[in-house]
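Q: I'd like to go over a predicted model; first the sequence, then the structure.
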Amino acid sequence: MVFASLPRRVTDGNIRLRPLRIFDGPFMRQAFREKEVFEPNGMSKPVEGSWFEVWWWLKSVFFFSYCIEIDSHRSGFVGFYSLSPGGYAEIALSLFDGRTRGQGYGRRVFAMLERSLKRHSLVETVVARVKEDNHAAAGFWKGVGFEVEESFSQEGVIVMSKDLDKDL
């Protein structure tokens with residue numbers, strides 16, 4: 001068994017990534033019930049269940065999961081799933097507060113994580129899945145260096161990836 005690690009906390013100025021805690025459950029549940037959050041993240045309906053069930057689901061699906069704090073306020077979520085140490089990991093990143101979107105915070109969050117992934121040689125490639133009609137998300141991932149890998153028109157999903165070794 002390979003044990004992989006990333007720093008528990010990552011900070012850059014007014015942005016802090018910290019491990020998802022049980023006390024984040026109500027915040028995450030509320031966020032994943034809002035149409036502006038669940039639809040762009042490829043979900044067809046809001047997350048159901050108690051805040052504890054939502055928290056448990058996030059902790060069980062994502063190998064690494066962080067709460068994004070901006071100016072000491074919970075503002076979003078980022079996590080890695082389908083992690084294959086030395087290979088690839090899939091990423092989910094969402095800023096829940098509309099006031100924080102389009103301000104460069106997502107780019108800074110990804111840059112923080114990218115530096116950590118490179119420093120710890122955890123994976124070579126990061127993969128993001130985007131709904132075909134989610135032009136904002138596709139533009140975001142392209143803006144941080146991801147390239148389209150393949151398009152699954154039957155599923156309406158675009159697979160994008162970034163090779164972390166290219167920038168070294």
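A: Looks like it came in fine. Remember, predicted model here, so these are calculated numbers, not experimental data. Residues are numbered from 1 along each chain as shown.

Q: The protein: helices as residue ranges?
A: Per DSSP state H, the chain carries helices over the ranges 25-31, 35-38, 51-61, 105-119, 135-143.

Q: Dump the ones you listed to a markdown table, plus mean pLDDT.
A: Output for the helices of the chain, formatted as a markdown table (pLDDT from 0 to 100):
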| stretch | mean pLDDT |
| --- | --- |
| helix 25-31 | 85 |
| helix 35-38 | 53 |
| helix 51-61 | 84 |
| helix 105-119 | 92 |
| helix 135-143 | 91 |
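
Q: and of the ones you listed, who's closest to residue 16?
A: helix 105-119 (9.4 Å; Cβ to Cβ). (Glycine included, C-beta is placed from N, CA and C.)

Q: Now the closest one: buried residues?
A: Within helix 105-119, the residues scored as buried using 16 or more other Cβ atoms under 10 Å are 105, 106, 108, 109, 110, 112, 113, 114, 116, 117.

Q: can I assume the second one is in contact with residue 139?
A: Right, the one you point to is residue 106. No: judged on Cβ atoms under 8 Å, residue 106 makes no contact with residue 139 at a distance of 10.9 Å.
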